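S.K.: just to be clear, the model below is a prediction. Sequence and coordinates:
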Amino acid sequence: MTIRVGVLGAQGRMGAEVCRAVDAADDMEVVAKVDVGDDISDISAAQVVVDFTHPDVVMDNVKYAVENGIHCVVGTSGFNTERLDAVAGWLDGKDTGVLVAPNFAIGAVLSMHFAELAAKYYESVEIIELHHPRKADAPSGTAAHTARLIGAARAAAGLGTPPDATTHDPDGARGALMDDVRVHAVRLSGLIAHQEVLFGGPGETLTIRHDSMDRNSFMPGVLLAVRSIVDRTGLIVGLDKLMDL
Ligand SMILES: NC(=O)C1=CN([C@@H]2O[C@H](COP(=O)(O)OP(=O)(O)OC[C@H]3O[C@@H](n4cnc5c(N)ncnc54)[C@H](OP(=O)(O)O)[C@@H]3O)[C@@H](O)[C@H]2O)C=CC1
Ligand SMILES: O=C(O)C1=N[C@H](C(=O)O)C[C@H](O)C1
């Protein structure tokens, strides 16, 4: 059976790539493309909507889709615990599934998993995320999610705050503190989406780096998510939940 897909943010950098990838897949088709100014009810023909819009609008989009029994694959960033709890609440008692994935690139998913595994072995950790300068938000959703995973792993291992003797940082050079992890955001022409997680302990460091050099890197993950979500109910956070990690 062909999966009917609606794309929210279809004219955006990611939305346009999703339209191309769905068109090229023989088990799904794009039945709705929604952009700013379009009526969201245009997605009513879809079984699954894929949202790559903006953190300011994604919650309304997901709420509308869930209320209308349309499964969602959400790549838009800006999801914190409160937002995820709200989506889970909307899904309660419904036969609808929502997947929220901070990053659809297979290597990014693996690198987050590796970082979570490494976290308990190192006293120091910092995240550097590097993106194109037209990115709407900072830090990236991937960095925030990685910090969350690392923070939880450190807490479970009984590790305290990473060592840092800085006493004078009037300009915030030490970055944002998220889940006790320093996160630094670089915005640079020529980049697409990149992340380094740096771990340090006595006499050694470990760097886990992932680079998306083209937005087609996200498409196998998006298509996997579309194929999976049609048979699921409830909230799934992270593409790793659909992979055999
Ligand atoms: N999870 C992942 O793997 C990835 C996630 N992302 C995330 O996806 C999001 C989009 O990124 P990107 O494609 O680069 O951004 P773009 O700005 O290129 O695309 C977003 C598109 O959404 C449109 N839009 C805004 N509001 C609405 C709305 N209410 N309904 C429908 N369309 C709307 C925008 O229109 P207009 O320009 O007119 O405002 C724009 O065309 C970001 O949050 C980004 O972080 C990006 C890459 C990978
Ligand atoms: O805006 C982007 O480009 C990206 N956004 C996502 C994020 O915020 O983590 C995923 C990827 O980093 C690309």
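M.R.: Noted; the coordinates are in hand. Ligands and ions are numbered 1, 2, ... in the order given.

S.K.: what about the spatially most central residue of the chain, which helix or strand?
M.R.: Centroid check for the chain by Cα atoms, centre = their mean gives residue 102 as the closest residue, at 0.8 Å. Here residue 102 sits in a region with no helix or strand, counting by DSSP states H and E.

S.K.: quick one: it and residue 149 touch, right?
M.R.: No - taking contacts as Cβ atoms under 8 Å, residue 102 lies outside contact range of residue 149: 10.0 Å. Yep, even glycine has a C-beta here, placed from its N, CA and C like the rest.

S.K.: give the residues shared as contacts by the two.
M.R.: Both residue 102 and residue 149 are contacted by residue 112, under the criterion Cβ atoms under 8 Å, 6 or more residues apart in numbering.

S.K.: quick one: the spatially closest residue to residue 122 that is not a sequence neighbour and residue 211, what's the gap?
M.R.: Once flanking residues are discounted, residue 122 sits nearest to residue 199: 3.8 Å by Cβ to Cβ, 6 or more residues apart in numbering. With distances taken as Cβ to Cβ, to the nearest Å, residue 199 is found 18 Å from residue 211.

S.K.: what count of nearby residues applies to the residue nearest to residue 122?
M.R.: 20 (other Cβ atoms under 10 Å).

S.K.: domains of this structure?
M.R.: Under the assignment the TED database, the domains of the chain span 3-100+216-242, 106-213.

S.K.: single out the most deeply packed of those.
M.R.: Across the domains of the chain, averaging neighbours per residue (mean count of other Cβ atoms under 10 Å) puts domain 3-100+216-242 on top, at a mean of 18.

S.K.: mind checking the end-to-end distance for that one?
M.R.: For domain 3-100+216-242, the first-to-last residue distance is 18 Å (Cα to Cα, to the nearest Å).

S.K.: pull the contacting residues for the residue in the chain positioned nearest to ligand 1.
M.R.: Nearest residue of the chain to ligand 1: residue 12, at 2.1 Å (Cβ to the nearest ligand atom). Residue 12 is in contact with 35, 52-53, counting by Cβ under 8 Å, 6+ apart.

S.K.: which of these sits closest to residue 21?
M.R.: Nearest to residue 21 among those: residue 52, at 11.7 Å, using Cβ to Cβ.

S.K.: so which strand or helix has residue 86?
M.R.: helix 81-91.

S.K.: equivalent analysis for residue 221, please.
M.R.: helix 219-229.

S.K.: does any bit of stretch 23-37 sit next to ligand 1?
M.R.: Yes - using Cβ under 6 Å from any ligand atom, stretch 23-37 comes into contact with ligand 1 via 34-36.

S.K.: I'd guessed the residue nearest to residue 122 sits against residue 118; true?
M.R.: Yes - between residue 199 and residue 118 there is a contact under Cβ under 8 Å: 5.5 Å.

S.K.: give me the common contacts of those two.
M.R.: With Cβ under 8 Å, 6+ apart as the test, residue 199 and residue 118 both reach 206, 208.

S.K.: so where's the chain shaky on pLDDT?
M.R.: Applying pLDDT under 70 to the chain flags no residue at all.

S.K.: in it, which spans are helices?
M.R.: Counting by DSSP state H, residue ranges of the helices within the chain are 13-24, 58-67, 81-91, 106-118, 141-156, 219-229.

S.K.: sorry, back to before: who's in contact with the helix holding residue 221?
M.R.: 3, 5, 17-18, 21-22, 25, 27-28, 48, 50, 71-73, 75, 97-99, 101, 103-106, 109, 236, 239, 242-243.

S.K.: any figure for the gap between the residue found closest to residue 16 once you drop the neighbours it is linked to in the chain and residue 41?
M.R.: In space, and not counting its chain neighbours, residue 16 is closest to residue 10: 6.7 Å by Cβ to Cβ, 6+ apart. For residue 10, the distance to residue 41 equals 15 Å [Cβ to Cβ].
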